[in-house]
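Asks: My questions concern the predicted model and sequence given below.
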Amino acid sequence: MLAVTKVATPRIVGVGTANPKSGYSQDDILERYGISDERIRSLFRNSHIDQRYLHLPAIEPGGGPTDETQGQLLEKHRSEGIEMATRALRSCLERAGADPSEIRYLCCVSSTGFLTPGFSALLISELGLRRDCGRSDIVGMGCNAGLNGLNPVAAWAAANPGQLAVMICIEVCSAAYVYDGTMRTAVVNSLFGDGAAAVAVRAGAEPEPGAGDGGATILKFASRLIPEAISAMRFDWDDEQHKNSFFLDRDIPYVVGANAEAVLESLLADTGVRRDEIVHWIAHSGGKKVIDSVKINLGLTTYDLRHTVSVLRNYGNLSSGSFLFSYERLMEEGRVARGDHGVLMTMGPGSTIEMALIRW
């Protein structure tokens, strides 16, 4: 008879984030690109974003930024992505009290470019990580992909107690920008920022003494695809601009909000955790309307989503890594107590909603 092995619970042991050095207000970007269309100016100024960090092209001698080719955008995705990922990883490992040589599994998540080999191989080579490090690359899943990546990372950690698994979300959103004066591209250009976020997961290790020290254990994941809105967020090829162009349907906030309740019910089913026991809500900073829709449909308060709103205001939509920026701020706040439950929530192309139940 085979012995039954108890699966160790994976736990977040460190998080680190990084952004470009150059920060821009919405007015800075409007002036830099000479945007005079009042509809677009209003869109930027009513985004509830104060600042974003971006890798913007140099200004031409005659005025206006250099027009980047798709090849140049892809190189930006690669080079700036590696640089940000490196800083985010180092910060994460410092908080985890771990060394790069301890990483045994690396998952890289990105939707702002396509590379072969992917970021996981490039970072192992660049940083001199173990050559036998397990790895995976999750490409093209969009803003929800942070939880899609965390799921197998947590599973690997649970199956390999004591070993360190790391996920890095690497989003150079400025490498996916098109500037053509249309409202379609203006919506994207007014919203997204560049950033990387790394999270380290280990199973079988007890947290240090103290309230909330050591991060949350990951209990369960839940997912929902909404086929009727599958094309509401997507990349298209723009023949005129010779670039990829991202599209966001104006109804996306309402689609997300209307389906959030069903995912939460699935997440809590058979866990013994009641909804009123959820103390911390860490959601993707998808935009003001998305946040409001989630808030209304789940009956949350402004306080519940304070970190989500703060990340949007100070960084914009950071795609797959946004929720880790919020998690980092929650931990820095110092209001987490041992035994608290929390929900991680991301949403993106598909249309998809992902959730995870965590406990400190």
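Replies: Ah, there it is.

Asks: ok, residue 235 to residue 343 distance?
Replies: Between residue 235 and residue 343 the computed distance is 29 Å (C-beta to C-beta, to the nearest Å). In this view, the C-beta of every residue, glycine as well, is placed from N, C-alpha and C.

Asks: ditto for residue 240
Replies: If you measure residue 240 against residue 343 using C-beta to C-beta, the figure is 42 Å.

Asks: And the chain, what are its domain boundaries?
Replies: 10-203, 217-359 (automatic domain parsing).

Asks: how about these in JSON lines, adding mean pLDDT and mean neighbour count?
Replies: JSON lines is the format used below for the domains of the chain (pLDDT from 0 to 100; neighbours: other C-beta atoms under 10 Å):
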{"stretch": "domain 10-203", "mean pLDDT": "95", "mean neighbour count": "20"}
{"stretch": "domain 217-359", "mean pLDDT": "94", "mean neighbour count": "19"}
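
Asks: so residue 196, which of the three states?
Replies: Secondary structure, DSSP: H, G, I helix; E, B strand; the rest coil: residue 196 is strand.

Asks: thought it was touching residue 90?
Replies: No. In this structure residue 196 lies outside contact range of residue 90 using C-beta atoms under 8 Å: 11.0 Å.

Asks: And the nearest residue to residue 41 once chain neighbours are set aside, how far from residue 45?
Replies: Counting by C-beta to C-beta, 6 or more residues apart in numbering, residue 41 lies nearest to residue 30, which is 5.7 Å off, once chain neighbours are set aside. Relative to residue 45, residue 30 is positioned 8 Å away (C-beta to C-beta).

Asks: Kindly report the same for residue 101.
Replies: Distance, residue 101 to residue 45, by C-beta to C-beta: 48 Å.

Asks: and if you look at residue 327?
Replies: For residue 327, the distance to residue 45 - C-beta to C-beta - is 29 Å.

Asks: Could you do residue 191 as well?
Replies: 13 Å.

Asks: And for residue 61?
Replies: Distance check for residue 61 against residue 45: by C-beta to C-beta, it reads 29 Å.

Asks: Select the longest helix from this structure.
Replies: When the chain is parsed with DSSP state H, its longest helix is helix 70-96.

Asks: Now the following helix or strand past that one - C-alpha only, CSV.
Replies: Under the assignment DSSP states H and E, the closest C-terminal helix or strand after helix 70-96 is strand 103-110. Provided in CSV are the C-alpha atoms of strand 103-110 (Å, rounded to 0.1, in the frame of the first residue of the first chain):
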residue,chain,number,x,y,z
ILE,A,103,16.1,29.4,-6.7
ARG,A,104,15.0,26.0,-8.0
TYR,A,105,12.0,27.1,-10.1
LEU,A,106,11.5,30.3,-12.0
CYS,A,107,8.3,31.4,-13.8
CYS,A,108,8.3,34.6,-15.8
VAL,A,109,5.1,36.3,-16.9
SER,A,110,4.8,38.9,-19.6
